[in-house]
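Undergrad: fold the stuff below for me.
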Amino acid sequence: MKLLPLFTESDYPTDALLARVNAGEPIEIGGEIEQIDLNYMLARGNPYAMLIRVRGDSMSAEIRDGDWVMIDRARTPQPNDIVLANIRGGYTIKKFKPAGHRGKNGLFLVPANDIHPPRKVTDEDAFDIIGVVTSVIHSFV
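TA: So this is what the prediction gives:
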């Protein structure tokens with residue numbers, strides 16, 4: 001995997017309306033326009049942040065095929081975090097279950113989509129957690 005640095009800010013800020021929109025009953029909104037930098041908003045100036053495009057449907061409950069995920073390579077994973085892991089030279093995004101899964105002991109990488117089986121990580125596996133997913137960019141078009 002080749003890593004390219006994310007810029008801490010860009011020359012292309014985006015306009016944003018500073019207001020909250022209700023996802024329930026419609027409400028009137030008002031607010032002022034401010035320019036935001038989406039690169040900074042996602043990476044928050046973190047030099048250990050990386051952006052990866054996802055392929056596949058194993059995490060489709062939370063992350064879909066084609067989505068982008070922001071990974072924090074400095075964050076220590078906690079149980080149930082979604083992580084980018086390297087296992088036997090391949091990369092995958094799964095939920096981190098260090099203390100077992102469904103009554104089975106051991107470290108597991110668990111997909112969100114039940115049609116894919118959980119992966120138990122054994123002592124024989126070359127295994128490393130690259131980072132923790134902190135944001136998902138999902139497009140509907």
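Undergrad: what's the offset of stretch 76-87 from the middle of its chain?
TA: Distance of stretch 76-87 from the chain centroid (C-alpha atoms, centre = their mean, to the nearest Å) equals 10 Å.
Undergrad: hang on, I meant stretch 72-86
TA: Remark: stretch 72-86 is offset 9 Å from the chain centroid, using C-alpha atoms, centre = their mean.
Undergrad: can you check stretch 50-66 too?
TA: Distance of stretch 50-66 from its chain centroid, counting by C-alpha atoms, centre = their mean, is 8 Å.
Undergrad: try stretch 103-121
TA: With C-alpha atoms, centre = their mean, you get 18 Å for stretch 103-121.
Undergrad: would you mind listing the buried residues in that stretch?
TA: 107-112, 119-121 (16 or more other C-beta atoms under 10 Å). (Glycine included, C-beta is placed from N, CA and C.)
Undergrad: if anything else comes up later, I'll come back, but that's it for now.
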